[in-house]
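Undergrad: Sequence first, predicted model second:
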Amino acid sequence: MERRHQHRSPTNTPTRISCELLGTICATIRNFSQNGLFVELDTSRLKPNHTVEVIADSPSYMRAVPPVKALIVRSTDKGVGLSFLEPCPRFIDTLSTL
């Protein structure tokens, strides 16, 4: 049963995830909504309830986007589902334009 309340938009955007457990790791955002995103990672050592920071590397022609704090709400073999801890319209706007 689908529990999401927001439409997810597909993307293939490189990013970095920072967390205390692993430091900073490279990842790819696969989809996003106003409330969160799914990030494909090379590691599955991140588990639900860990807080991470999503670091967006916006193109040079765009204004830099500050890191976004998120909570891991699910973990799969392919990556993690993240829920934003506070609204981040600038981050979502940047993803929407890529």
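TA: Now that the structure is in, tell me what you want to look at.

Undergrad: Beta-bridge partners for the nearest residue to Thr28 once chain neighbours are set aside, please?
TA: Closest residue to Thr28 apart from its sequence neighbours, by C-beta to C-beta, 6 or more residues apart in numbering: Glu40 at 4.6 Å. From N, CA and C alone the C-beta is placed, and that goes for glycine too. Beta-bridge pairing for Glu40 (DSSP bridges): Thr28, Gly79.

Undergrad: What's the local residue count around Glu40?
TA: 15 (other C-beta atoms under 10 Å).

Undergrad: Before we move on, what's the pLDDT of the closest residue to Phe91 other than its chain neighbours?
TA: Computed as C-beta to C-beta, 6+ apart, the closest residue to Phe91 that is not its neighbour in sequence is Val68, at 5.0 Å. Taken from the predicted model, the pLDDT recorded for Val68 is 94.

Undergrad: who touches Val68 in this structure?
TA: When contacts are counted by C-beta atoms under 8 Å, 6 or more residues apart in numbering, Val68 touches 53-54, 56, 84, 88, 91.

Undergrad: Brilliant, that's me finished.
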